[in-house]
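In: predicted coordinates and the sequence they were generated for:
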Amino acid sequence: MRDVRSVSRVLGALPPVLGALTAVLLFLPGLVLGAPAAQAAQVQQSVRTDAAVSPSLAISISGMTPRYATQNSTITLTGALANRTGSAVSGIIVQAQTSPVLFSGRSAMTSFTDTGSYSTQLEAAGSSDVTGTVPNGATVRWSVSFPARYFYDQFGVFPIQVEATTANEAYTAAARTFSVYWAAGATSEPTPLQTAWVWPLVDTPQQGACGQTLATSALAGSVAAGGRLSTLLDEGSTWDQADHLTWDIDPALLSDVSVMTRPYSTQGNADCSGRFRQNASTAAKQWLTKLGTATAGQSAFLTPYANVDVAALSQAGLDGSLRSAYQLGNAIAGQELPNTFGSNGTSSGAGSVLRAAWPAGGQADAGVLTSLANDGGISTVILNSGELPSSTPGSDALARTTSGIGTSMSVLLADSGVTSLLGSASATATEAGQFAFTQDFLAQTAMITAEAPYATGSLLIAPPTDWDPAPAEAEALLSMTKNTPWLHSVGVSTLSAEAAKLPSKPLPAKQVSRDELSATYLDRVKEVANNVSVFTDLLYQPAPAQVSSLEEAVAATESSAWRGTGSAGGWLAMTHLSDYLTDSENKVQIIASNKILLAGNSGETPVSVRNNLGVPVQVKVTASTPADSQIRVGNFPALLVVQAKKTNTVRMPLHAASIGTTTVQLKLVTQNGAPLAWTAKPLSVEVTRVGRFLLTVIGGALGILILTSVYRLRRKRLARARQGGTADETAEAGGAG
């Protein structure tokens, strides 16, 4: 080992210079780099050369065996070397370097991967020659090994750097990663961390008010083989029992996938036209079936429907929306996964249902926790580490607080560094990128343990809800959790029970994230939610599924998916819902004349309501007149039930005190008096009194006619009498008079 270190000292003058150049060139465009733990670094022949065309070598690390070393381990690193120098090169040497000095903390690890800086000089550990000449543009494999015991003798995380140098030292490249050493059989081994996984199945909500319709076709690809949700379900179901995973499931996702199990549509306009018809998805059916099997009997909890932004809703005073989202979610989970969540989603089927919540962004204040406890019955909340100090030294994931309604709440603090690392996963990562990502995860968990090696510690691993790892990445992380000696897998319920025993600590009274749904946005949500309430009131005996669909569409506009950069999607969903309501209400219309003549003191006019919706409605016709109007509208049966595509009519009585013209405003309102949009209609009523005048004229004319007839008959009788008519004839003529 002394000889190896001597060689390192001879080469020691070179790495600082190369490290500085490497730090600059890491940012050159056009290079395929891995995750932070082992990014392929490059040193150019001249830093003054244009970055896009500068000649270089590029080296990456794509494997290490074993992943963590013990005393008798030989560490073997493998990777790829690309020649981008513009000409063939030969005599390339790959040199591994490490240090017997372990990292002091995770910040030092980050500094090493970002800049190459380390507290001590790295020492040469092993080398190998790249055989033959490497043509320009070619990529070759390399391998280098060294015995772990030459450098490491205690549990911890150590630096590794691999450098490739051409024979003339004109070109050099470097890559970095971590080595974890486990001192197996040591007198006092570290106490394993109690490690719990939250496994999220959450997606962007897809449904609006149009039945059997999804906003996009993205979900079909996600549940298909190789898709994001397919990967999470496949890997989660493989390791859920071994790692005691706790499933975090959004009921909106269950509903959206369920839509695809039957013929459905995508996209379309607010009036539900212009949609694209889709066949039932076999992948969706298989995904739901597999999820039901995987989660039955396992630990799980539900987000509120559409994973609504609980912090924003609470702080905006929309606790009713939060309560509704939980009720909707429970009902849907009971329908889709009864063996996991029970028939109503709130009690256990065969599994362990947790009353847990994971607020968006991992942040919450005291008011938010009170809303969760009061509106969702939540007793365990998952927050970012640092949101609340741990109640017991060493138990860095555990704390407890008390809600505003006096209930105890277990607080589980997800490690923010690990969450951030998991967020860097990519389904399209290169082999080197996948190795870097998983080795960094292994090293971070070891570093957390090493910071307090003999304390009874805990670690909560909570990936971002939109987590998208490659299958190999997810499999590697879960395998490490199960098979790594410094980690001990437990369920979230175990940590929650331990946290419940701790002293209570208060959360900040007020804490608002800049990513939350804005006040302006939520004001508009309130308006749309009120419009949904009016439209629901318009419907006559609506089916529960129809009411639920409208409530789900509102909840979808409140989703935490619309936080930050996703806000445009939220505005679009809200606009579609608002336009749908307006279009639907416009299909219920007043049919009446624009003007009527009232030929007397009173009369009636028919007012009809046409319902062009596909469902029956109940609506009231109301009429109003100006304050100084001489027209009074009489009582009439204003509430009408109008069947789908039908018309119904009422006869509205009118009474006039004098002649003249008055405008009567006709409106349609719901049974509770809420006005419908765009249904007002002015009716001009002209009072003429022509009717009374005509009766007088007709009466006078009839009187004259009668008098004239009597006079003529009398004259006729008198004439016959003078002509000597008989008494009988005179009688037949009407008498002598």
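Out: Sure thing, it's come through.
In: what does the pLDDT read for residue 38?
Out: pLDDT, residue 38: 36.
In: do residue 391 as well
Out: So, for residue 391, pLDDT stands at 58.
In: now the one 4 residues further on
Out: Looking at residue 395, its pLDDT stands at 57.
In: and what of the one 4 residues further on?
Out: At residue 399 the predicted local confidence, pLDDT, stands at 92.
In: low-confidence ranges, the stretch 1-150 of the chain, go.
Out: For the stretch 1-150 of the chain, applying pLDDT under 70 flags the ranges 1-54.
In: where do the strands sit along it?
Out: Using DSSP state E, counting those that start in this stretch, the strands of the stretch 1-150 of the chain run over residues 40-43, 56-65, 68-69, 74-84, 89-90, 93-98, 123-129, 133-134, 139-147.
In: out of the ones you listed, nearest to residue 285?
Out: Counting by Cβ to Cβ, residue 285 lies closest to strand 56-65 out of the strands of the stretch 1-150 of the chain; the figure is 37.5 Å. For the C-beta atoms, the positions are set from N, CA and C on the backbone; glycine is no exception.
In: now that closest one: how far from the chain's centre is it?
Out: 38 Å (Cα atoms, centre = their mean, to the nearest Å).
In: so what are the sheet partners of that strand and their directions?
Out: strand 74-84 (antiparallel) (DSSP bridges).
In: put the alpha carbons of the strand it pairs with into PDB.
Out: Extracted in PDB, the C-alpha atoms of strand 74-84 (Å, rounded to 0.1, in the frame of the first residue of the first chain):
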ATOM      1  CA  THR A  74     -11.500  -6.400  -4.900                       C
ATOM      2  CA  ILE A  75     -13.200  -3.400  -6.300                       C
ATOM      3  CA  THR A  76     -13.600  -3.600 -10.100                       C
ATOM      4  CA  LEU A  77     -14.700  -0.500 -12.100                       C
ATOM      5  CA  THR A  78     -15.900  -0.700 -15.700                       C
ATOM      6  CA  GLY A  79     -16.900   1.800 -18.200                       C
ATOM      7  CA  ALA A  80     -16.600   3.300 -21.600                       C
ATOM      8  CA  LEU A  81     -14.000   5.600 -23.300                       C
ATOM      9  CA  ALA A  82     -14.900   7.700 -26.300                       C
ATOM     10  CA  ASN A  83     -12.300   9.200 -28.700                       C
ATOM     11  CA  ARG A  84     -13.400  12.600 -29.900                       C
END
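In: in that strand, what's buried?
Out: Within strand 74-84, the residues that count as buried by 16 or more other Cβ atoms under 10 Å are 75, 77-84.
In: over to stretch 543-562?
Out: 548-562.
In: just the closest of those to residue 403, please.
Out: Relative to residue 403, the closest of the buried residues of stretch 543-562 is residue 560; by Cβ to Cβ it sits at 20.6 Å.
In: please parse this structure into its domains.
Out: 2-181, 193-212+231-251+289-499, 519-586, 588-688, 695-732 (automatic domain parsing).
In: dump these into TSV; add distance to residue 258 as well.
Out: Converted to TSV, the domains of the chain look like this (distance: least, Cβ to Cβ, whole Å):
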stretch	distance to residue 258
domain 2-181	36
domain 193-212+231-251+289-499	6
domain 519-586	12
domain 588-688	22
domain 695-732	71
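In: mean pLDDT lowest where, among those?
Out: Lowest mean pLDDT within these: domain 695-732, at a mean of 58.
In: quick revisit: right, so of the strands of the stretch 1-150 of the chain, which gets closest to residue 368?
Out: strand 68-69 (39.5 Å).
In: so what's the residue count around residue 107?
Out: Residue 107: 10 surrounding residues under other Cβ atoms under 10 Å.
In: what do you get for residue 333?
Out: Other residues lying near residue 333 total 27 when counted by other Cβ under 10 Å.
In: before we move on, what SS does it have?
Out: Recorded secondary structure, residue 333: helix (DSSP: H, G, I helix; E, B strand; the rest coil).
In: ok so, going back, now render the strands of the stretch 1-150 of the chain as a markdown table, adding distance to residue 297.
Out: Formatted as a markdown table, these follow (distance: least, Cβ to Cβ, whole Å):
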| stretch | distance to residue 297 |
| --- | --- |
| strand 40-43 | 45 |
| strand 56-65 | 36 |
| strand 68-69 | 32 |
| strand 74-84 | 41 |
| strand 89-90 | 59 |
| strand 93-98 | 46 |
| strand 123-129 | 48 |
| strand 133-134 | 55 |
| strand 139-147 | 45 |
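In: which of those sits most buried?
Out: For the strands of the stretch 1-150 of the chain, average neighbour numbers computed from mean count of other Cβ atoms under 10 Å are highest in strand 40-43, which has a mean of 27.
In: on that earlier part again, would you check which pair of the buried residues of strand 74-84 lies furthest apart?
Out: 75 and 84 (28.0 Å).
In: roughly how far apart are residue 451 and residue 486?
Out: Residue 451 sits 12 Å away from residue 486, going by Cβ to Cβ, to the nearest Å.
In: what about those two, which has more around it?
Out: Each of residue 451 and residue 486 has its neighbours counted (other Cβ under 10 Å); residue 486 has more, 23 against 15.
In: could I get the full set of strands for the stretch 201-350 of the chain?
Out: According to DSSP E, counting those that start in this stretch, the strands that the stretch 201-350 of the chain contains are 213-214, 246-249, 264-266, 276-278, 299-302.
In: out of these, which gets nearest to residue 472?
Out: The nearest among those, by Cβ to Cβ, is strand 246-249 at 21.4 Å.
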